[in-house]
Every structure is written in C-alpha cells, then in structure tokens.
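Asker: mind folding the following:
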Amino acid sequence: MTQTFIGYISQDFTELKHNMGYSFGIGYKSPLSKDSKTVFIRCTMFKDVAAVHSRLMPYLKKGKLVAVSGYISDNTVYQGKDGEYKANLRLTVSVVTFVPNTSSKSDSVNDSITSSVMNDLTQADADIKF
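Answerer: Numbers count the residues shown, from 1 in each chain. Predicted coordinates for the structure are as follows:
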C-alpha cells in the first residue's frame, strides 16, 4: 500500500553505495502528538525513480516543502542524544512532488493545496501499470 507524507526536507540528498540511488530525510509535525513532536522519515529513492525526477534534483534541498509517496519499508527505534527512545520511519519513494509553501496564508488554503497534491499523487498511482 502506497503512503503519502507532506513535510520539509530535513537532510539533503546523499548518494547510496554503488550508485544505487539517493537517500534523504523529511520531517513533519505529527497531528497525533499532543506536544506536536516532529516525525522524521528516512527516504530512499532508487536509481530508476531518481532518473524520472532528475530535473528536480537540484531543487530538492533542505527546507523545501515536498510530498513523497511510496512504500514503508521498515521502522527503526533508537536512543537519541537526550536519552529518549525515538522511532525513524523508512520510505521507499516512488513519487516526489513540490508543495507550495503557504505558511503565511490561511489554513483553508493550505488544506486546499494539500488536498490537490494528494489527488494528483493518487491519480499518478492509478496511472502506473504493473
């Protein structure tokens, strides 16, 4: 099942070993957390998917708002520097989409853009032939 997350790139792209693709991170505020903790997702984009997105690569930098769609591959639990246990999701990315940053506009505009991006990603998934 494909999952879609919208968040800010938290780590710039780094090339995977043996030129297999790229790795990057995104972060978003969890709507389920009472104290709005940031959830970080480690994303992997393999070479075939990266080739499709090659023109976007120079613009996918830390701080950019993106929507990523793909498959959750595993979940890692680790102990942070502060001693607390934390979880790190891993996502194998099939689609990356830029999301306009409208932080100064109303929530209804943000919800409209998010809905539009989600519809586009759902349609893109439906267009993929196996």
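Asker: and the gap between the residue most central in space within the chain and A51?
Answerer: Centroid-nearest residue in the chain: V68, 3.8 Å away (criterion: CA atoms, centre = their mean). Distance, V68 to A51, by CB to CB, to the nearest Å: 17 Å. C-beta: built from backbone N, CA, C; applies to glycine.
Asker: what pairs with whichever strand or helix holds Y22, parallel or antiparallel?
Answerer: Assigned by DSSP states H and E, Y22 belongs to strand 21-29. According to DSSP bridges, strand 21-29 forms sheet pairs with strand 3-15 (antiparallel), strand 38-46 (antiparallel).
Asker: which positions in that strand come out as buried?
Answerer: 21-26 (16 or more other CB atoms under 10 Å).
Asker: what's the answer for stretch 8-20, then?
Answerer: Buried-residue list, stretch 8-20, by 16+ other CB under 10 Å: 8-10, 13.
Asker: kindly indicate which of the residues you listed lies nearest D82.
Answerer: Nearest to D82, judged by CB to CB, of the buried residues of stretch 8-20 is S10 at 17.4 Å.
Asker: correct me, but that closest one touches K62?
Answerer: Yes: counting by CB atoms under 8 Å, K62 is a contact partner of S10 at 6.7 Å.
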